[in-house]
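[1] Give me the fold of what follows.
(chains A and B)
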Amino acid sequence: MSGSPFEIELDELTLARARRGNVRACEAIYRAFHRPAYSVAFRIAQCPDTAQEIAQEAFITAFRKMRQYRGDAPFWGWLRRVVVNHAISTIRRDRSRTTVEWRDDHEPEPPRQEQLGLAMDLEAALALLSPEDRAVVWLHDVEGYNHREIADLFGKTESFSKTRLSRARSRLRDRLQPRKPATAALR
Amino acid sequence: MMGIGRTIMPFELRQRADDPLNLGSLPMAEPPGDGWPAVEAALRQRNRRRAMHAGGGLLAVAASAVLAFSLLLGTPGHHAAAPGADPAAAAAASTDPQTEAIPAPLRAPSLESLIAMSRQLEDRIRSYRAQSGDLPSDVLVYQVELQDLIVQVDEELSMKPDSPALWAQRVNLLLDVTQLYENSLRRDYYRMASL
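    All right, here's what the predicted structure looks like:
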């Protein structure tokens, strides 16, 4: 099964040219990976402008450091790590800029039937998590990182990753459970 | 899996069964716009800064410039190794007033001498191309990269035609290309000699 949307093949000539600073080769790489890069940044940051900023900064960093990529692992994995590092740095540095309100200890919000129906949408549920919880659950469940890798990214221990993953999943499940209609509660 | 990725990363070994909430079913988020122009501007700015650094290192270029001139004009053996080169042109070049101004070692070459060197190196490369067969694929890849970099420098030169730093970069890149062809011709020569 294909996992991360980053898993895109790239020919060696393009990579070699990009390493030499060829702008057209860099553009080819950008065009190939922009969407997945933006997407993972958006899933973590939950703000379109911030995600775009993260993706752009990550590409500039990647192109500047192309010579550090040795070719002993897939390029997409290396590039994805650059993007994720930028995303994590951003949410840590800039928590106050998060556009979606979240609270670590919040109670379930009252159901807004007209918008959510009986079950909260998966995307909306994800958006209500704290940035770190969201990053951990996304990186683990979708991008396929293990706890050791996530701990390294955050500069923390594996237990941090495990705890955050467990909490994030639990909160997502809570929000995804169908809510009882008001009429049912009256019976 | 792409060709360059030989090592299997840990996450590739794992089954993706551990996505109990099926987050992977969410579609990719669509970027709000094309961010390439901003990235490109940053890259070009970096390239310009590099060119400026190269300008600051003109003294260092002087050594390779002297070497280039000696290769082009002053080494008889070099011409012997390049059959097909026009001896008349070489002789004319040796009496060209511009070549009279070969920079002394460790003195930065003048703009005129860099332009002359660039022109002569291009002539030499054309001559090599006519003589040599197909380059090996690995050499060809490198040659294409060098040509791309020359195109980039030319783009910069179209905006700053009098920049010694850019002309010095161009000469150095052309020297690299020349070296590729010379090595290739040398290999061919030894191969033939060993038969």
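[2] distance between the host helix or strand of residue A:125 and the chain's centre?
    Assigned by DSSP states H and E, residue A:125 belongs to helix A:122-127. Centroid separation for helix A:122-127 versus its chain: 13 Å, with C-alpha atoms, centre = their mean, to the nearest Å.
[3] Can you tell me which helices and strands it packs against?
    helix A:131-141, helix A:158-176 (3 or more C-beta pairs under 8 Å, 6 or more residues apart in numbering or on different chains; DSSP states H and E). Glycine gets a C-beta too; all of them are placed from N, C-alpha and C.
[4] any idea how far residue A:166 is from chain B?
    11 Å (C-beta to the nearest C-beta, to the nearest Å).
[5] how near is that residue to residue A:151?
    Using C-beta to C-beta, to the nearest Å, residue A:166 is found at 14 Å from residue A:151.
[6] okay, these two: which has more neighbours?
    Neighbour count, other C-beta atoms under 10 Å in any protein chain shown: between residue A:166 and residue A:151, residue A:151 has more, with 18 against 13.
[7] what sits against the closest residue to residue B:183 other than its chain neighbours?
    In space, residue B:183 comes closest to residue B:139 once its chain neighbours are excluded; the distance is 7.7 Å by C-beta to C-beta, 6 or more residues apart in numbering or on different chains. Neighbour list for residue B:139: B:180, B:183, B:184 [criterion: C-beta atoms under 8 Å, 6 or more residues apart in numbering or on different chains].
[8] Show the average pLDDT along the host helix or strand of residue B:139.
    Per DSSP H and E: residue B:139 is located in helix B:137-159. What helix B:137-159 shows for mean pLDDT is 77.
[9] Would you mark the buried spots in that helix?
    B:142, B:143, B:144, B:145, B:146, B:148, B:149, B:150, B:152, B:153, B:156, B:157 (16 or more other C-beta atoms under 10 Å in any protein chain shown).
[10] Would you reformat the helices and strands packed on helix A:122-127 as TSV and include mean pLDDT?
    Shown next, in TSV, are those (pLDDT from 0 to 100):
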stretch	mean pLDDT
helix A:131-141	94
helix A:158-176	93
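[11] Out of these, indicate the one that is most buried.
    helix A:131-141 (a mean of 24; mean count of other C-beta atoms under 10 Å in any protein chain shown).
[12] elements contacting it?
    Using 3+ C-beta pairs under 8 Å, 6+ apart, helix A:131-141 sits against helix A:23-45, helix A:75-93, helix A:122-127, helix A:147-154, helix A:158-176.
[13] Between the ones you listed, which has the poorest mean confidence score?
    Of all the helices and strands packed on helix A:131-141, helix A:122-127 has the smallest average pLDDT, which comes to a mean of 87.
[14] Not counting that one itself, show me its contacts.
    A:43, A:46, A:100, A:116, A:134, A:137-138, A:171-172, A:175-176, B:21-23, B:25-26.
[15] 6 Å instead?
    Outside helix A:122-127, the residues within contact range by C-beta atoms under 6 Å, 6 or more residues apart in numbering or on different chains are A:46, A:100, A:134, A:172, A:175, A:176, B:26.
[16] quick one: which of those residues is nearest residue B:115?
    Nearest to residue B:115 among these, counting by C-beta to C-beta, is residue A:46 at 55.0 Å.
[17] Quick check, pLDDT for the closest one.
    90.
[18] Residue A:130 too?
    The per-residue pLDDT reported for residue A:130 equals 92.
[19] For it, give me phi and psi.
    Main-chain dihedrals, residue A:130, degrees, to the nearest 10: phi -70, psi 150.
[20] Count the neighbours of it for me.
    19.
[21] so how far is residue B:113 from it?
    Going from residue A:130 to residue B:113 by C-beta to C-beta gives 64 Å.
[22] Residue A:55: which element?
    helix A:48-64.
[23] And that helix, what does it pack against?
    In terms of contact count using 3 or more C-beta pairs under 6 Å, 6 or more residues apart in numbering or on different chains; DSSP states H and E, helix A:48-64 is assigned the packing partners helix A:23-45, helix A:75-93, helix B:36-56.
[24] in the second one, what's buried?
    Buried residues in helix A:75-93, counted by 16+ other C-beta under 10 Å: A:75-84, A:86-88, A:90-91.
[25] Close to chain B as well: tell me which of these qualify.
    A:75, A:77 (C-beta under 6 Å from any C-beta of the partner chain).
[26] quick check, nearest of the buried residues of helix A:75-93 to residue A:53?
    Closest approach to residue A:53 among the buried residues of helix A:75-93 (C-beta to C-beta): residue A:90, at 7.5 Å.
[27] Point me to the residue of chain A nearest chain B.
    Chain B sits closest to residue A:74 of chain A, with a gap of 3.2 Å, by C-beta to the nearest C-beta.
[28] Sketch out the low-pLDDT regions of chain B for me.
    B:1-17, B:49-108, B:133-134, B:137-138, B:141, B:194-195 (pLDDT under 70).
[29] would you list every one of the helices in it?
    Taking DSSP state H, the helices of chain B run over residues B:10-13, B:36-56, B:58-69, B:76-80, B:87-95, B:97-100, B:111-131, B:137-159, B:164-194.
[30] Show the model's pLDDT score for the closest residue in space to residue A:67 that isn't next to it in sequence.
    Nearest residue to residue A:67, sequence neighbours excluded (C-beta to C-beta, 6+ apart): residue A:19, at 5.7 Å. Note for residue A:19: predicted pLDDT of 86.
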